[in-house]
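Novice: heads up, no residue letters with this:
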């Protein structure tokens, strides 16, 4: 026959062992109460937390630890009645140390039943959560005061917490958002893509913008969409890893950027005007630095004008270009080649001596591009080209007529 490890053990010795075990719980005060709430046993942790010794507390009501207003409201009796009727109960409230200092306690109350089922007492635990509550309160305060919409999202992609800016931005009450998947704030056409972004972040959680380089949109409660920027950061908590998302409405900034882009486009068009100076002759005065964007606009504008006017000669005046380097020369050459494909002869004017020397020194080959020193000279050459083309065309027409008469 076997015996249990505790068989034959002195009950008083077992009780002392239990008290030592309870004293080893350093973050919770353990108190044994009688059926009316009087203190029967008082652990060492309870003494350290409250400042009351066991001799001071045994036999007294546990309401000594309650605030005057709670004692007046009969809170101790209400807590005991709730535990008698429903079993284990958890509370949170203010308690008072021997020094008079208040602390926020997380309380559990468990009834102890006798052999006949009657409640013979209670086991009560207290945990000081003042600091954690203060930190949580500070966190909530910072969250509420943030200028951006802030959401805390769990691993299951469900919203845990939102601030008032989120309510204002999306038009939802926070009770409507908490517990729902984050995709409720994403337009339907982007939701599948958003799930991929979310999964990617959870696989490699670190502070970063979401969907960098992409245009992201949020959706309000009424279904309207608006452009947003989203920054994500992981939060390690006792409940596991959470994700903090800061969402900013960038509608105004996007509109400003688009307006500035339109203004830049208009300025580029004004700075590279294509002028019809004669029938079938265009002039393109180029002023300032010629970069890739401006060169592209220049070429597009010239080709469109050639198509509309059926121009046969285009004069590119570079007297207003401060420097000619290889890149600028390449831009000009591409413009000339594009015009040639449309049957237009290009003439460069405004080539200063220093510009010519620079182009030779750089080894820039402008091909068979004709050039003149001044715009006047370029116009005279353009008229000559037209006359030459007209004569060639007349000769060709005469030859066709002669061939037809035979």
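Specialist: Looks like it came in fine. Everything numeric in this text was worked out from a predicted model, so none of it was measured.

Novice: tell me which helix or strand in this protein has the weakest average pLDDT.
Specialist: Lowest on mean pLDDT, DSSP states H and E among the helices and strands of the chain sits helix 11-23, with a mean of 54.

Novice: any idea how far the next helix or strand after that one is from the chain center?
Specialist: Proceeding N to C from helix 11-23, the next assigned helix or strand is strand 29-33, under DSSP states H and E. Computed by C-alpha atoms, centre = their mean, to the nearest Å, the separation of strand 29-33 from the middle of its chain amounts to 49 Å.

Novice: what do you get for stretch 34-47?
Specialist: On the basis of C-alpha atoms, centre = their mean, stretch 34-47 sits 52 Å off its chain's mean C-alpha point.

Novice: residue nearest the centroid of this structure?
Specialist: residue 230 (1.4 Å; C-alpha atoms, centre = their mean).

Novice: next one: phi and psi at it?
Specialist: Recorded main-chain torsions at residue 230 are phi -130, psi 130, according to degrees, to the nearest 10.

Novice: which residues does it form beta bridges with?
Specialist: Applying DSSP bridges to residue 230 gives these bridge partners: residue 247.

Novice: what of residue 281?
Specialist: For residue 281, the beta-bridge partners under DSSP bridges are residue 278, residue 313.

Novice: enumerate every residue touching it.
Specialist: With contact set as C-beta atoms under 8 Å, 6 or more residues apart in numbering, residue 281 has these partners: 311-315, 379, 382-383, 386. Where you see a C-beta, it was placed from the backbone N, CA and C, and this is true even at glycine.

Novice: pLDDT weak spots in the stretch 301-406 of the chain?
Specialist: Filtered on pLDDT under 70, the stretch 301-406 of the chain yields the residue ranges 362, 364-368, 393-406.

Novice: all helices of it, in order?
Specialist: Remark: helices assigned in the stretch 301-406 of the chain by DSSP state H, counting those that start in this stretch are 326-341, 353-362, 375-405.

Novice: give me whichever of these is most buried.
Specialist: Highest mean neighbour count of the helices of the stretch 301-406 of the chain: helix 326-341, a mean of 17 (counted as mean count of other C-beta atoms under 10 Å).

Novice: so what secondary structure elements neighbour it?
Specialist: Secondary-structure packing of helix 326-341 (3 or more C-beta pairs under 8 Å, 6 or more residues apart in numbering; DSSP states H and E): helix 292-309, strand 313-320, strand 345-349, helix 353-362.

Novice: for the shortest one, packing partners?
Specialist: Contacts of strand 345-349 with other secondary structure elements, assessed using 3+ C-beta pairs under 8 Å, 6+ apart, are made with strand 313-320, helix 326-341, strand 370-372, helix 375-405.

Novice: so which of those is nearest residue 113?
Specialist: Proximity to residue 113 (C-beta to C-beta) singles out helix 326-341 among the helices and strands packed on strand 345-349, at 91.3 Å.

Novice: where's that closest one relative to the chain centroid, distance-wise?
Specialist: Distance of helix 326-341 from the chain centroid (C-alpha atoms, centre = their mean) equals 43 Å.

Novice: all good on my end, thank you.
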